[in-house]
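In: Give the three-dimensional model of this entry:
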Amino acid sequence: MTAIGIYGSNGRMGRAIATIIGDEGGTIAGGVDAGGDPAPLAGDADVLVDFSTPAALEPHLAAAVAAGTPIVIGTTGLSATHQALIDAAAQRIAVLQTGNTSLGVTLLGILVREAAARLGSDWDIEIVEMHHRHKVDAPSGTAILLGEAAAQARGTSLSEVRVDGRAGLVGARTEETIGFSSLRGGSVVGDHQVIFAGEGERIELGHRGEDRSIFARGAVKAALWLAGRAPGRYQMAEVLGL
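Out: Presented below is the predicted three-dimensional model:
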């Protein structure tokens with residue numbers, strides 16, 4: 001069976017993944033958490049999954065590239081610099097980076113892209129997300145994923161139209177911008193809502209994650225699919241055949 005190594009093994013997602021790997025047809029090659037050496041695990045595993053921290057991404061990618069081991073990256077809060085590192089690694093190994101590994105969110109992204117492409121710029125787009133009180137980054141990686149889907153469908157990049165939160169006298173809404181609002185509290189696994197607001201009507205597309213295992217199952221599915229793939233950058237939609 002495919003041996004999966006876990007970076008961030010002591011975190012919420014790392015523990016959830018370890019719990020269900022056997023049920024999904026894989027085995028655990030081992031795990032590394034903060035301060036651990038990522039190189040030995042990269043050599044022992046057939047494929048890696050990384051749900052650690054942005055600061056740990058560079059050494060994890062370096063270890064994966066050195067060992068020639070594919071890697072699934074689910075870490076959120078990544079910067080443009082991190083994305084450039086991922087692009088470089090994908091020249092030498094198979095890499096799948098995503099803000100969310102669930103089937104439902106992957107499908108939601110496709111629906112958002114379709115709606116944004118078909119509705120005119122007079123339909124305003126707002127994205128609202130809520131997570132548990134311990135989440136440290138905002139907006140969530142999933143919210144950004146959905147925003148990127150909407151922006152690309154409208155022929156632009158998210159960086160050009162993104163507006164994070166609003167407070168005070170910010171003025172009227174600028175046309176074609178995509179707004180983000182983040183809520184934190186309790187034990188919420190992950191709620192995301194994409195609002196298309198038109199004149200006199202509104203469309204709302206959303207997803208509610210009720211159990212962390214949905215993300216763990218998706219991550220393991222992605223890892224099993226990625227193992228043995230040629231170098232390149234892959235997406236969850238390819239894993240799920242969407």
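In: how about Ala216, secondary structure?
Out: Reduced to three states with DSSP: H, G, I helix; E, B strand; the rest coil, the structure at Ala216 is helix.
In: Okay, it and Thr177: tell me how far apart.
Out: Distance, Ala216 to Thr177, by Cβ to Cβ, to the nearest Å: 34 Å. No exception for glycine: its C-beta is placed from N, CA and C like everyone else's.
In: who has more neighbours, these two?
Out: The residue with more neighbours, out of Ala216 and Thr177, is Ala216; 27 against 14, by other Cβ atoms under 10 Å.
In: ok, the more buried one touching Gly14?
Out: No - counting by Cβ atoms under 8 Å, Ala216 does not reach Gly14; the two are 9.1 Å apart.
In: what domains does the record give for this structure?
Out: Annotated domains of the chain cover 2-101+213-240, 103-209 [automatic domain parsing].
In: Can you tell me which of those domains is most buried?
Out: domain 2-101+213-240 (a mean of 20; mean count of other Cβ atoms under 10 Å).
In: For that one, give the mean pLDDT please.
Out: Domain 2-101+213-240 shows a mean pLDDT of 96 in the predicted model.
In: Over to stretch 173-189?
Out: What stretch 173-189 shows for mean pLDDT is 96.
In: can you pull out the strands in this structure?
Out: For the chain, the strands defined by DSSP state E cover 2-7, 26-32, 47-50, 71-73, 94-97, 124-131, 162-164, 178-184, 190-198, 201-209, 232-234.
In: Now distance to Leu111 too, for those strands, in a markdown table please.
Out: Shown next, in a markdown table, are those (distance: least, Cβ to Cβ, whole Å):
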| stretch | distance to Leu111 |
| --- | --- |
| strand 2-7 | 30 |
| strand 26-32 | 30 |
| strand 47-50 | 26 |
| strand 71-73 | 23 |
| strand 94-97 | 21 |
| strand 124-131 | 13 |
| strand 162-164 | 20 |
| strand 178-184 | 16 |
| strand 190-198 | 9 |
| strand 201-209 | 6 |
| strand 232-234 | 21 |
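In: Out of these, flag the one nearest Ile110.
Out: strand 201-209 (10.4 Å; Cβ to Cβ).
In: Just the CA atoms of that closest one, as PDB, please.
Out: Written as PDB, here are the backbone C-alpha positions of strand 201-209 (Å, rounded to 0.1, in the frame of the first residue of the first chain):
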ATOM      1  CA  GLU A 201     -32.100  39.700  -6.200                       C
ATOM      2  CA  ARG A 202     -29.400  37.700  -4.600                       C
ATOM      3  CA  ILE A 203     -27.800  34.300  -5.200                       C
ATOM      4  CA  GLU A 204     -26.000  32.500  -2.300                       C
ATOM      5  CA  LEU A 205     -23.700  29.500  -2.800                       C
ATOM      6  CA  GLY A 206     -22.300  27.900   0.300                       C
ATOM      7  CA  HIS A 207     -20.700  25.000   2.100                       C
ATOM      8  CA  ARG A 208     -20.700  24.000   5.800                       C
ATOM      9  CA  GLY A 209     -18.000  21.600   7.100                       C
END
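In: Which elements pack onto the longest helix anywhere in the chain?
Out: Looking across the chain with DSSP state H, the single longest helix is helix 103-118. The contact analysis (3 or more Cβ pairs under 8 Å, 6 or more residues apart in numbering; DSSP states H and E) places helix 103-118 against helix 141-153, strand 190-198, strand 201-209, helix 213-226, helix 236-239.
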